[in-house]
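In: Next one to model:
(one chain, ligands or ions: 2)
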Amino acid sequence: MSDSSSPLFHVLDPRQFDRRRLDDLCGLTTRIRQLAKSRLGARALQTLLPHKRAMLYFTQPSTRTYLSFENACHLLGIRTTEIRDPSTSSEFKGESFEDSLRTFSSYVDVIIMRTWGEGLARHSADLMDRIRRPVPIVNAGSGQDAHPTQALLDVYTLERSFEGRGGIDGKTIGFMGDLKRGRTARSLSYLMERYRDVRLVFIAPEAFQMGRDLLDWLAGHGVHYSCTDRLHDTLDTLDAIYVTRLQKEYDTGGESDEFDHRRFSIGARELAALPEGSIVMHPLPRGPELDPRVDDDPRAMYWRQERNGMWIRVALLVKIFGVEEDLPDGQRA
Ligand code: ASP
Ligand code: CP
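Out: Residues are numbered from 1 along each chain as shown. Ligands and ions are numbered 1, 2, ... in the order given. Next up is the predicted model:
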């Protein structure tokens, strides 16, 4: 883990972020959001990094991570190129992933990647660390293991939602759904360890419960957690519920058919049981686990999560390229 004083280069794993770095990044994100509200501020942001180029290598489907990173780059003046379908690159002719990556790095200053392969972002960073012109690798979702920038936007959303109420410290956060295969719940759970007296409740059928490795890690780091398959017994104890989708794309033999959405979904009945000041989160896209009618409830935070994702990714790029000092003062912009 790097602490907040060391420069940020690769972004691979949520555990790279200690509390100071998280607080610092959230503060910077708010500053950037405020700046971007004025024409002068937005223009100043655009002049920060017009000499940089980013590669968006997204070979696993994505809507919001892709679009928010692309727009985050554009807000800073960074030009972008993309590969979303490997059948259109020389990988189709048999070029290895490693050679392809090295080729991308010849043309750009950062590679933002979403891949099916677990650990592929880390493997890419290791390769970069061995070559003459390494560029930062940003993990925008790797297989079932990690989605660190989602966890950052989730932390930012939680902190904003609980502003004036002590932030995340002391809160009880429920995670519901396919916790076994979903990378967002995993990544956010790791970051919850950075906050004081947080309690985590993992709500899922036994076969979809959070992985033993993560539970052992939480226990080893003194985080209070419990696992249950009884959603209705927990709802009134939660400050936030983080709802997740069934990860059908990872089925190897019809596992998803075993998941009973009637017992693990949020609709009017569940909303009624949630405390008034609580929030409902979801990384999206949604499936039947989240009734669209929840959207109209002030506790629904998932559309804000999307928007926060763009701003925190702007802040992350500002950190990676070390241009925070060049940001104009928000008051004057
Ligand atoms: N969009 C998130 C991810 O890529 C959540 C999901 O797809 O269920 O991990
Ligand atoms: N939250 C998230 O990662 O969404 P996409 O899969 O649409 O990028």
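
In: rest of the way, CA atoms for contacts and neighbours
Out: OK.

In: Verify the stated contact: residue 312 with residue 26.
Out: Yes - look at residue 312 against residue 26 with Cα atoms under 8 Å: they come within range, at 7.3 Å.

In: Comparing those two, which residue is more hemmed in?
Out: residue 312 (28 against 23; other Cα atoms under 10 Å).

In: Chain neighbours aside, what residue packs nearest to the more buried one?
Out: residue 29 (5.4 Å; Cα to Cα, 6 or more residues apart in numbering).

In: you'd agree that neighbour is in a strand?
Out: No - read with DSSP: H, G, I helix; E, B strand; the rest coil, residue 29 is helix and lies in no strand.

In: For it, list the residues it contacts.
Out: 311, 312, 314, 315 (Cα atoms under 8 Å, 6 or more residues apart in numbering).

In: and the gap between the first one and residue 266?
Out: Noted for residue 311: a distance of 28 Å to residue 266, by Cα to Cα, to the nearest Å.

In: Of those two, which one has the most company?
Out: With neighbours defined as other Cα under 10 Å, residue 311 and residue 266 compare such that residue 311 has more, 25 against 22.

In: isn't there a helix covering that one?
Out: Yes - counting by three-state DSSP, residue 311 falls inside a helix.

In: State the distance from the nearest residue to it once chain neighbours are set aside to residue 86.
Out: Nearest non-adjacent residue to residue 311, counting by Cα to Cα, 6+ apart: residue 29, 5.9 Å away. Residue 29 sits at a distance of 33 Å from residue 86 (criterion: Cα to Cα).

In: Helices of the stretch 1-150 of the chain, residue ranges please.
Out: For the stretch 1-150 of the chain, applying DSSP state H, counting those that start in this stretch gives helices covering 19-36, 39-46, 64-75, 97-107, 120-128, 148-161.

In: Could you export those helices as CSV, including mean pLDDT and distance to ligand 2?
Out: Listed next are these as CSV, based on pLDDT from 0 to 100; distance: least, Cα to the nearest ligand atom, whole Å:
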stretch, mean pLDDT, distance to ligand 2
helix 19-36, 98, 18
helix 39-46, 97, 24
helix 64-75, 98, 4
helix 97-107, 96, 21
helix 120-128, 97, 15
helix 148-161, 98, 6
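
In: low-confidence ranges in this structure?
Out: In the predicted model of the chain, residues 1-5, 330-333 satisfy pLDDT under 70.

In: picking up where we left off before, mind putting the contacts of residue 29 in JSON lines, distance to residue 18 included?
Out: Formatted as JSON lines, these follow (distance: Cα to Cα, whole Å):
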{"residue": "311", "distance to residue 18": "20"}
{"residue": "312", "distance to residue 18": "16"}
{"residue": "314", "distance to residue 18": "19"}
{"residue": "315", "distance to residue 18": "16"}
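
In: Widest-spaced pair of these?
Out: 311 and 315 (6.4 Å; Cα to Cα).

In: Need the residues touching each of those two.
Out: In contact with both residue 311 and residue 315: 29, 32, using Cα under 8 Å, 6+ apart.

In: which non-adjacent residue is nearest the residue nearest in space to the middle of the chain?
Out: Taking Cα atoms, centre = their mean, the centroid of the chain lies closest to residue 150, which sits 0.6 Å from it. Among residues not flanking residue 150 along the chain, residue 184 sits closest, at 6.6 Å (Cα to Cα, 6+ apart).

In: The one you found touches residue 149, doesn't it?
Out: No - the criterion here is Cα under 8 Å, and residue 184 misses it with residue 149 at 9.4 Å.
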